[in-house]
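Asker: Dropping the sequence and predicted coords here.
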Amino acid sequence: MEESKGVVFRASKNQDVVDEKHLHVVDEYFNNGFSGREAMLKFYPNMTDTTASVKFGAIMKKQVVQDYIIDKRRRLRARANLEPEQVINELLNWAYADPTKFMALSPDEVKALPPEVKRCIQTVNYRKTESFDKNGNKSVREVMDLKFVDKTKAIDMLNKILGNYALDNKQKGSNIKVENLNINELKVLQQILNKQE
């Protein structure tokens, strides 16, 4: 049984030995915005950037660390009361939001919008200026700039969550282990290599 930052984690009997420092690295990875290199450097400051990245990758491949991450995500999800379906619905809301609905709205009208519509707004910049013409007449100019969430990023996140990049990722990262090939696959591989020569 290991504990990381007050969280109890039990490793199953068939897992690697748990290095508590590695669990702290994973905790830092979650806290720093998912930079594995920076998480490693916090606990191993004498490493080079490249070594930190490689070592973090090795840590992430350990079954005990993967199980710890699954457990951590489950606990965070329960604590946040957030299910994957809710995230998908919010991302869909962002992806299909219509910015024209906000044109010519007053600040009070924007405030009165339903919460799911307001969540599409990333930032609001409101300016009210008063000026007087040469006759002393007062004019008021109100400008409200709304910046919306990035639709492209929302669609990209949806694709990742839904696994739409899985085939592409498998194609890019597949390594063939020659020792696992059967005789027919080895013959095909030999033909391919002979054609390249």
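Answerer: Ah, there it is. Numbering: from 1, shown residues only.
Asker: Can you tell me which helix or strand of the chain has the lowest average pLDDT?
Answerer: Within the chain, no helix or strand scores below strand 2-4, which has a mean of 41 by mean pLDDT, DSSP states H and E.
Asker: give me every residue that touches the nearest residue to Glu38 once chain neighbours are set aside.
Answerer: For Glu38, ignoring the flanking residues on the chain, the nearest one in space by Cβ to Cβ, 6 or more residues apart in numbering is Asn32 at 5.3 Å. Yep, even glycine has a C-beta here, placed from its N, CA and C like the rest. Going by Cβ atoms under 8 Å, 6 or more residues apart in numbering, Asn32 touches 38-39, 42.
Asker: Ramachandran coordinates for Asn32?
Answerer: phi -100, psi 10 (degrees, to the nearest 10).
Asker: Please report the distance of it from Arg73.
Answerer: 16 Å (Cβ to Cβ, to the nearest Å).
Asker: returning to what we had before: how about CSV for the contacts of Asn32, with pLDDT and distance to Glu83 added?
Answerer: Putting the contacts of Asn32 into CSV (pLDDT from 0 to 100; distance: Cβ to Cβ, whole Å) gives the following:
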residue, pLDDT, distance to Glu83
Glu38, 95, 29
Ala39, 95, 27
Lys42, 95, 31
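Asker: which of these lies closest to Arg127?
Answerer: Proximity of the contacts of Asn32 to Arg127 was ranked by Cβ to Cβ; the top entry is Glu38 with 37.7 Å.
Asker: Looking at the contacts of Asn32, which are in strands?
Answerer: Among the contacts of Asn32, no member is found in strands (DSSP state E).
Asker: among those, who's most crowded?
Answerer: Ala39 (23 neighbours; other Cβ atoms under 10 Å).
Asker: any idea where the helices of the protein begin and end?
Answerer: Secondary structure of the chain (DSSP state H): helices located at 20-31, 36-43, 49-61, 63-80, 84-95, 107-111, 115-118, 151-162, 166-173, 183-196.
Asker: tilt between the longest one and helix 20-31?
Answerer: Right, the one you point to is helix 63-80. Put simply, helix 63-80 runs at 40 degrees to helix 20-31, going by axes from the mean of the first three to the mean of the last three Cα atoms, to 10 degrees.
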